[in-house]
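Novice: compute the structure for the input listed below.
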Amino acid sequence: MKRILLLFTIMIFSCQFSVAQDLLQGDPKKGVEENVNRYTEYLKKELVLNTKQENIVESNLTEFYMNIRDLKQANMNKKDFNRRFVVLKENNINRMRNVLTKPQFDKYITILEKEQEKLNKKK
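Specialist: From the prediction side, this is the model:
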């Protein structure tokens with residue numbers, strides 16, 4: 001639980017939204033599909049997902065990325081965007097918790113933390 005809270009804190013303060021920016025380049029639907037497929041394949045390999053998990057993860061990621069795209073297009077102030085982005089991220093993490101086993105979920109959190117570290121280094 002502490003790791004999740006730490007992850008949320010890092011996300012709030014870093015304000016890195018490269019995923020949302022990637023989704024808005026070119027055809028939004030195509031960008032979502034490409035990102036979802038690429039990330040699902042990565043998670044499938046890293047977390048050793050079974051077919052059922054893979055399908056649910058892909059569905060969850062599609063919804064998450066579409067919500068980010070819609071949020072970005074809403075043209076709101078940065079504070080509201082950050083608040084809503086964190087809520088979307090929390091919801092996605094909770095949905096992943098319901099799909100993954102405990103060891104898979106722990107590894108997923110580690111993956112998210114490493115991704116956040118990479119984003120912070122790009123600053």
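Novice: name the helix or strand for Tyr108, please.
Specialist: Following DSSP states H and E, one finds Tyr108 within helix 102-122.
Novice: packing partners of that helix?
Specialist: Applying 3 or more C-beta pairs under 8 Å, 6 or more residues apart in numbering; DSSP states H and E, we find helix 102-122 packed against helix 2-14, helix 28-47, helix 78-99. Quick note: C-beta positions are derived from backbone N, CA and C, even for glycine.
Novice: now do 6 Å
Specialist: Secondary-structure packing of helix 102-122 (3 or more C-beta pairs under 6 Å, 6 or more residues apart in numbering; DSSP states H and E): helix 2-14.
Novice: quick check: mean pLDDT across the helix it packs on?
Specialist: In this model, helix 2-14 has an average pLDDT of 54.
Novice: one more: stretch 51-65?
Specialist: Average pLDDT, stretch 51-65: 95.
Novice: okay, now the unreliable bits of this protein?
Specialist: 1-30, 123 (pLDDT under 70).
Novice: mind checking which residue lies nearest the centre of it?
Specialist: Lys89 (6.1 Å; C-alpha atoms, centre = their mean).
Novice: look up how far Thr51 lies from that residue.
Specialist: The gap separating Lys89 from Thr51 is 26 Å, by C-beta to C-beta, to the nearest Å.
Novice: equivalent analysis for Asn35, please.
Specialist: In this view, Asn35 and Thr51 are 21 Å apart by C-beta to C-beta.
Novice: same check on Arg69?
Specialist: In terms of C-beta to C-beta, Arg69 sits 27 Å off from Thr51.
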